[in-house]
Each structure stands twice: as structure tokens, then as C-alpha cells.
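> can you look at this prediction? I've put the sequence above it.
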Amino acid sequence: MPAAYRTFFTKDHIRSLLVALVLLGLAVVFQFYASAYSSRVPSNSVPDLILNILPIVNTNFLIVEGALFAIAGTIILLLFKPKYLIFSLKAAAIFIATRAVFVSVTHLGIYPGQIGPDGTGLFDGIYTGLGLEAGFFFSGHTGLTFLMALIFWEERFWRYIYLVLCVTFAIGVLLAHVHYSIDVLAAPYITYSIFSISKYFFKEDYALISS
């Protein structure tokens, strides 16, 4: 174990990290069942002014592979910056659980012409297996990257990286029509609330970031 990890991870920090992993695991399970339930509920599509204007473009590589690479890259980044790790995992757990609730109670049908994962992509199986394609409100692609931008706000480079990813994913999901415009537009507002709630409940973990 590197010296930085030995110094940073005290017994209390290790305990908090285990709690974070449990919360994240429970949130992922909750999301899986919420997505499965949502996909079984009969629903209809609704008109969308912005999607009516935008052309339909296949952006599956960005939506699927891009999202999975962003997740993998974030995990690697957090491993190199352990002071962000515990709070990020807990905030992500709150985010995933919150979105699962929204997905469970909001049932909109697929927008006509939507281009979603069709199983032919290299990572489509992983993406759909995790239930990431189910549910519309609110956009996980947009929200999670914005959440990481908020967490890394004091580090200008990573803040802008995640903001660029946020905007790129927002454009990608709208062009593919896999999200309604309200899903994308509402995501930053809901995400900021989740970030604020996480800071309130996990004050000590957030304090580690500035330590």
C-alpha cells in the first residue's frame, strides 16, 4: 500500500469507506429493480419541442462506450486522489438511489425514432445489463458528470473536464432521442440538490477534500 494511502486511511476512514461501498451497492441494486419495473409499465411517448427540431443521430458509441469509459476513468481518478473517494462514493449512491425513485414513479414511453443500444456494440451488454438504458427522468449521463464537476470544483482542470463531458453527453442523448429535453434540463438542478444533501449528511467526508 502506498504511503499516501497508509497516511490517509485511518480506521475511521476505512470504516467510512466500507459504509460508502455498502450504500453504493444498495443503490445499484435499487436502480436495477427500479429500471426493471419501469420497463414493464405500459407508457406512451409525449411531444417534445426540442426533440421535434433536432435531427436523429446515432450517438450510441458516445452514450454507451463513452459513459462506461467515463465511469472507469473516474474510478481511476479517485484511486489517485483518495481524499475525494469516500464522499464521491456516498454522493454517487445518493444520486443513483434518487434517480431510481424518479424512474419508478415517472413513466414515459420511448420517443419515436429513438436510437438506443441494439446489442451490436462492444459494451452494449454491460450497459443494458446494468439497467442504464431504462428510465428517462432524469438524465444520468448529464447528472453524474455534473455531480463530479461539483465535487472537483476547486480543481479547475477536472472541473472543466467534467463540465465538458456533461455538455457532450447532454447533446449526445438528445441527438439520439434517448432522453426527453426535460430529462437533460432538470438533471443539473436535481444534481445540485443531491450534492447539497450529501454535503449536509456527510460533512466529515466532504471535509477530507479540503484537508
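Done, it's in.
> where does the chain dip in pLDDT?
The model of the chain has pLDDT under 70 over residues 1-7, 115-135.
> mind naming the longest helix for it?
helix 11-40 (DSSP state H).
> give me the residue at the spatial middle of the chain.
Closest to where the C-alpha atoms of the chain average out (CA atoms, centre = their mean) is residue 144, at 3.2 Å.
> so it touches residue 95, yeah?
Yes. Using CB atoms under 8 Å, residue 144 is in contact with residue 95, at 6.4 Å. C-beta: built from backbone N, CA, C; applies to glycine.
> which residues touch the residue nearest to the centre of the chain?
92, 95, 191 (CB atoms under 8 Å, 6 or more residues apart in numbering).
> among those, who's most crowded?
residue 191 (27 neighbours; other CB atoms under 10 Å).
> spatially nearest residue to that residue (excluding sequence neighbours)?
residue 143 (4.4 Å; CB to CB, 6 or more residues apart in numbering).
> from residue 155, how far out is the one you found?
20 Å (CB to CB, to the nearest Å).
> and for residue 176?
For residue 176, the distance to residue 155 equals 31 Å [CB to CB].
> out of these two, which sits in the busier spot?
A side-by-side neighbour count of residue 176 and residue 155, using other CB under 10 Å, places residue 176 first with 22 against 14.
> surely that one is in contact with residue 64?
No. The pair residue 176 / residue 64 is not scored as a contact, 10.2 Å apart, by CB under 8 Å.
> what number of residues lie near residue 196?
Residue 196, neighbours per other CB under 10 Å, totals 11.
> helix/strand/coil for it?
helix (DSSP: H, G, I helix; E, B strand; the rest coil).
> list the contacts for residue 158?
Contacts for residue 158 (CB under 8 Å, 6+ apart) come out as 77, 148-149, 152.
> that one: which element?
Assigned by DSSP states H and E, residue 158 belongs to helix 156-175.
> check the offset of that helix from the chain's centre.
Its chain's C-alpha centre and that of helix 156-175 lie 12 Å apart, by CA atoms, centre = their mean, to the nearest Å.
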